[in-house]
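In: coordinates for the following, if possible.
(3 chains)
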Amino acid sequence: MNEMVAVLGLATAILALGLWFLLPRGAAAGRAIGALLAAVALGILASRIPGVGHLPAEIVFYILAGVTLLSALATIAFRKPVYSAIWFGLSLLGTGGLMLFGGAQFLGVATVVVYAGAILVTFLFVLMLAQPEGQAPYDQLSWAPRLAALTGALLVGTLTLVVVSVFENPDVALRPEAPFNAAELDENILSDEHMAHLGAELFSKHLLAVEVAGTLLLAALVGTVAIVAQIRQPEHGGSSHG
Amino acid sequence: MDEQALLQNYLIVGALLFGIGLVGFFSRRNMIVMFLCAEMSLQGVSLSLVGWSRYHNDWGGQMLVIFILTVAACEAAIALAVVLTLFHRSGKLDIAVWQQLREDNQAAFVDRDLVELERRQQVRWPTLTPAGIEPEPDLDQDTHRTHI
Amino acid sequence: MAFDFPVLMVLIPAFPLAGAIVTAMFGKWLKHEAHWPVVVSIVCSAVLSLMLLSHVVHESENSEMAVGWETTIELWNWSGVPDALAAPERAIGLTETGVAIAPPARLPFSVDVTLRADALTAIMLAVVTFVASLVAIYAVGYMHGDRGYWRFFSYIGLFVFSMTMLVSVSNFVLLYVFWEAVGLCSYLLVGFWYEKPAAIAAGKKAFLVNRVGDFGFALGLFLIWITYGTLNYHDSGGIAGVLGQARLSQTAAFATGGTATAICLLLLLGACGKSAQFPLHVWLPDAMEGPTPVSALIHAATMVTAGVYMITRCTPLYMASVDAQYAVAIVGAITCGLGGVIALTQTDLKRVLAYSTISQLGYMFLGLGAATFASITAGMFHLLTHAFFKALLFLSAGSVMHAMGGIIDMRRFSGLRRIMPITHWTFLFGGLALAGVIPFAGFWSKDAILGAVNAKGQEVSLYIPLYWVGMITAFLTAIYTFRGFFLTFYGPTRVPHEAGEHAHESVRWMTIPLMILAFFALTSGAYFEWTGQLHHWLGMTPSLAYSAVPRPDVHGGEGDLIVKTISTAFALAGVGIAAYLYLGDNSAAALLARIFYPLYWLSYGKFFFDQIYNVLFVWPMWLLAQLSSVIDNYLIDGIVNLVGKVPPWVASRLRSLQAGMVQFYALAMVWGVVVLIITLLVWPALARSME
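Out: This next block holds a predicted model:
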C-alpha cells in the first residue's frame, strides 16, 4: 500500500509537471517535454493497473485509451482553439471506441454522432464566427497553470489511489448481488440484441425520465432563443427589437 | 476477461479524462475551449458509468449516460448562446474579461503577460507613402474576378 | 338582600377595573366625556361597598365563628407548587370540620386568588371607594381641559381597583402584588405631567424609596412563609392560614422571640415605605408634583394608609413581639413630631399638607404601636376621619391652586376668602378637623389615640414620652394648619399674575365634593365616637377579635378626660398663636424665626433628609454607577468590539479570494472535492492498511 502511495505520488507529480509544460504559457517552449512527461506519467499509471487477462483485448484497450488521453492532452495543450476542437474530436472518437469496447455500442455511436457530429461542429462554427483570425493573445496564455495542473493531477492521483486501494481490499464486496457470471453478461449487455434491450429499458423503466429530458431540451431551446434574441447589434442601431 | 480489472481500467481512464478536462477548464481562457474541456470531463464520467454498467450487468449506467448526453446537448446550446452574447459585449472570447462577480473593493485581475502580448501584436511600424504616379485602375478587375 | 357576598366582593374591584379598561381603550374618542366610565363605576363601587359594610356588620353581629367573623370566596388558584416546603414547627393542619391536627409532612406553595370580607376590609373598602368617588367627581372639574384627561381617569380607575383589591385579598403574596400595583399607579400619577422634570424626578423618587420598604416587606413575607408554611390569611386546603380562625383560636400558635420581631420589623419597613414613615418619608412631599386630586386620593386618604391597614391586619403577629410594638410606636412618634415641625415653615401649601399627612400617619402608627385594642381601633378611627378631612384639605388646596393658575406658594397670594368663599369655608372645616378642635372629626380620633397611648403609658413608661410627643404635635398641628389657612385666605387680597384677571371660585363639579367632605369632616368623628360603632365593628374582625389583644377600658375614665382637656387647650392655643402670628403682619413670626434660628433652619430645610440621603446613598451609588459605566464603556465594550472586529478582519483577508474569476471558483470547488476524497476515502483506506 505504501509503495502504491509512493508510486502514485510520483506519477501525480510527473503528471502535474507535464501538464504545466503542456499548457500554453506565452512564448515559453517545452510542449514536447510536457508531452513526454505526461506520457511517462500515464505509463506509470498503466503499469500499476492489472491487465484484463486477454492480450488482444488488452492491446485494443490500450490503443483506445492512449488515443483518448493523448488527444485530450493535446486539446488542452494547443493554442489555436480550432486545433483544440479537432483534437477533442479525436478524443471523442477514442471515447466512443472505449464505449464500444466496454459493451455500450449504442452509446459509443451516439457519442460520436452527437458530440463530434453536432456539438463539436457547432463549436467550430461559433469559433469561426467569433474568432476567424485563428489564435488570439489570450489563447497563448493560461490562467494559473501551475495551480491548475497541480489540482488536476492531485485529483487524478487521489481518485486513482481510491480505485486501486478499493480493488486491493479483499473485504470490500464490489459486486454484492451475485458472483460474476459471464453467461449472464452475454445475455444482457453483451447480447446481440443490445439495442433492443437498451430501448426496452429506456422506454419502460425510464419513460418518465425520458419525458423530462425531452422537456428539458425544449426548455433549453426556448432559453437559447431568448438569450440570443437579447443581443443587440450596436453598429446596426440596435433596432432589432423594434 | 477479468471483468474486475476491466472496470478498474475504465475507472482510471475516466478519472484521467475527467482530470485533464478539469485542468483545461481551469487554465484555458478561451470560453469555447473551456466548454470543450467541460465536455471532456463529462466524457470521463460517462466512461466510468459505462464501466460500472458492464461490471454490474445493469442498464442503469448506460441510461445515465444517455441522460448525460441529453443534458450536455442542452448545456452546449445554452453555453453557446451565452458565449455569443458575451462575445458581442466584449469582442473577445476571453473569460478573464468577466470579473464582475468580485467584491466591490477588489481590484480587477489584469494579466500583465496578456497586456504585453497584445502590445507586441499591435505594433505598426511607420511606412512611407508610396511614391510615383498613381497606377491606372484595372477596369478588368471591376468587371470580373480571376480567383475566388 | 339584593346581593349576596360573593357578588358584592367581586363587583367592588371589578367596577373600577372595567371603568379603567373602557377609558383606556376608548378614552381617545370619549375626549371630554372620558370621566364618565370611571366616575360612574367608582360611585357604583362605593354604593356596593356601603351595602357590603351593612351586610358584614349584620353577619358579624350574628357570628358563630370562634374569633370574629369573616367570609372568603376563592376565585381561582394563581400558582401552586405541591410539596414545596417541609412543614415548619408553626404549621397547623386542619380536618374537614376545622379541627386543628398535625400538618402534612410537606406543604404546598399556593397562591389562592381569594377575596375576603370582614369588618376591617369592609370599612377600608367603604372609605376608599367613598373618598375615591368624591375625588373622581372633583377631578372632572379640576382636570378639565388637560391633554391627558382620559389617561388620568384610566389611572384613577386602575388605582381604585388596585386599592380595593389590596384590602380585599386574603393572601400575603397578593397583598404584595397589589401593594406594588398601587405603587405603580402612584408612580404613574405623580409623573402624570411627564413633561415636567420635577414630576418625573418625584415619581422616580417615590418608586425608589418604596423599593427599600418593599424589599423589607418581601423579606417579611419569606419569613412568614418559612415560619408558618402558608401565606394565606384564612384557613384553606387543610392548612391553617396565618390569620385564620384555627390559629387565632389557639394559644401559642404564633412564633415568638426573634422570629416574631424579625417578621414584624420587616413588615414595618414595608409599611414605612408605603405610609411615608420616618426614615422613608422623603418621597411623599415630592409626590405633590402630581395633580392635586391624586395628592388627595392616593397620597393622603388611601394609598398611604395601606401600611396602617397592613399592620392592623397583622395585629396578631405584632402581639407576639413587644419589641416590634415599641418600634412601631417610636417610628410613629418620631414621624409625627418630625412632620409637625417641618410643616411649620413650609411655604408651599400642598407641602404643608403633605408633611401634615406624614405627621398624621405617625399618629396612626403611634396608635398601632401602643398595641391595645383601644389604640389600634383609634388608629383606624383616625385613618377614617383623616381620609375625610385630609382629602378635603387637599381638594380645597387644589381648588386654590386651580384658581391661582397653578401657583401654590403661599407667599404669592393672600386674602382669598373674598374670591373663593366656598373653598374658604371648606378649608376652615378641614383645618379645624386637622387641628383637632372640638367637635370636628380630628378631635375625636386624635384624642382616642392619645388617650389610648396615655393609658398604655400607665403600664409601660416608654409610652409616656411618646404620648407627650403626640400631644405637642397636636399643638404644632394647630399652628401650621392655621398658618396656612390665614396666609391663604386672610390678609390683603393678592393674586399671582399667572391666575390672570379672572381668579374665581371653582366650578360646581369641585365645590360639591368639597361640601360633602366638609360635612363628614365635621360629623364623622363625633358620630363614631358617640355611637362607638367603629370600635364595635372592628372588634368583629378576626385579627382584632384575637384574644391576645389587650382590652383595658379607657373610655370615659378620668385619664381620658384629662387628655381631652389638654388636647383641646393645645389645639385652641395653637389656633390662637397662628392667628396672632399670621393674621395681620408677619413681623412676630419673623422675629420668632430669628430667635429660634437653628430650629427654623432645620425645619425649613426639612431636617436635610434629602441631603443626608444624597450623601449616604445617592452619591456612593452614583460613584458606583460611574465606575460601572467606565468599566462598561472601556473594558466590556472594548472586549465586545474586539470580538466584533475579528469577523471583518478575517473577511478582509478572505475577500481577496473573491476575485470574480469563475475559473478560480471551480478550482476551489475541486480542492474541496480533493479534501473530501482524502478524508472520506483515502485516509480510511490508508488507516486500514496500516493495521
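
In: helix or strand: which one has the closest residue to C:R508 other than its chain neighbours?
Out: Distances taken as Cβ to Cβ, 6 or more residues apart in numbering or on different chains put C:G141 closest to C:R508, at 7.5 Å, once the chain neighbours are dropped. Glycine gets a C-beta too; all of them are placed from N, C-alpha and C. Assessed by DSSP states H and E, C:G141 sits inside helix C:119-142.

In: how far out from the middle of the chain is the following helix or strand past that helix?
Out: Using DSSP H and E, the helix or strand that directly follows helix C:119-142 along the chain is helix C:149-168. Here the centre of helix C:149-168 is set off from its chain's centre by 13 Å, with Cα atoms, centre = their mean, to the nearest Å.

In: and helix C:149-168, what's its mean pLDDT?
Out: The average pLDDT within helix C:149-168 is 92.

In: tell me which strands and helices it is in contact with?
Out: Using 3 or more Cβ pairs under 8 Å, 6 or more residues apart in numbering or on different chains; DSSP states H and E as the contact test, the elements touching helix C:149-168 are helix C:5-30, helix C:35-61, strand C:106-117, helix C:119-142, helix C:172-190, helix C:306-313.

In: angle of that helix against helix C:172-190?
Out: 160 degrees (axes from the mean of the first three to the mean of the last three Cα atoms, to 10 degrees).

In: and the angle for helix C:149-168 with helix C:119-142?
Out: Using the same axes, to 10 degrees, one finds that helix C:149-168 and helix C:119-142 are set 170 degrees apart in direction.

In: hmm, back to that, just put the helices and strands packed on helix C:149-168 in JSON lines and tack on distance to C:S396.
Out: JSON lines is the format used below for the helices and strands packed on helix C:149-168 (distance: least, Cβ to Cβ, whole Å):
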{"stretch": "helix C:5-30", "distance to C:S396": "25"}
{"stretch": "helix C:35-61", "distance to C:S396": "20"}
{"stretch": "strand C:106-117", "distance to C:S396": "34"}
{"stretch": "helix C:119-142", "distance to C:S396": "10"}
{"stretch": "helix C:172-190", "distance to C:S396": "19"}
{"stretch": "helix C:306-313", "distance to C:S396": "24"}
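
In: what's the neighbour count on whichever residue of chain B sits closest to chain C?
Out: For chain B and chain C, the shortest gap (Cβ to the nearest Cβ) falls at B:R102, measuring 3.0 Å. Residues lying near B:R102 (other Cβ atoms under 10 Å in any protein chain shown) number 18.

In: which residues touch the most centrally placed residue in chain B?
Out: When Cα atoms, centre = their mean is applied to chain B, the residue found nearest the centroid is B:V33 (1.3 Å). B:V33 makes contacts with A:T75, A:I76, A:P81, A:S84, A:A85, A:D139, B:G24, as judged by Cβ atoms under 8 Å, 6 or more residues apart in numbering or on different chains.

In: before we move on, what about C:A593?
Out: Per Cβ under 8 Å, 6+ apart, neighbours of C:A593: C:T345, C:Y600.

In: look up how far C:D585 lies from it.
Out: As defined by Cβ to Cβ, to the nearest Å, C:A593 lies at a distance of 14 Å from C:D585.

In: C:M288 too?
Out: 28 Å.

In: neighbour count winner among those two?
Out: Using other Cβ under 10 Å as the criterion, C:M288 and C:D585 rank with C:M288 on top: 27 against 10.

In: contacts only, for C:Y467.
Out: Taking Cβ under 8 Å, 6+ apart, we find C:Y467 in contact with C:L450, C:V453, C:N454, C:G457.

In: most neighbours of all those residues, which one?
Out: Among the contacts of C:Y467, the one with the most neighbours (other Cβ under 10 Å) is C:V453, at 31 neighbours.

In: what pLDDT does that one get?
Out: In this model, C:V453 is scored at 89, pLDDT.

In: who are the packing partners of the host helix or strand of it?
Out: Assessed by DSSP H and E, C:V453 sits inside helix C:441-459. When contacts are defined as 3+ Cβ pairs under 8 Å, 6+ apart, helix C:441-459 sits against helix C:349-370, helix C:373-403, helix C:421-435, helix C:463-489, helix C:508-531, helix C:558-582.

In: any chance of those helices in JSON lines, plus mean pLDDT and distance to C:D409?
Out: Conversion of these to JSON lines gives the following (pLDDT from 0 to 100; distance: least, Cβ to Cβ, whole Å):
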{"stretch": "helix C:349-370", "mean pLDDT": "91", "distance to C:D409": "8"}
{"stretch": "helix C:373-403", "mean pLDDT": "90", "distance to C:D409": "10"}
{"stretch": "helix C:421-435", "mean pLDDT": "90", "distance to C:D409": "16"}
{"stretch": "helix C:463-489", "mean pLDDT": "90", "distance to C:D409": "10"}
{"stretch": "helix C:508-531", "mean pLDDT": "88", "distance to C:D409": "21"}
{"stretch": "helix C:558-582", "mean pLDDT": "85", "distance to C:D409": "15"}
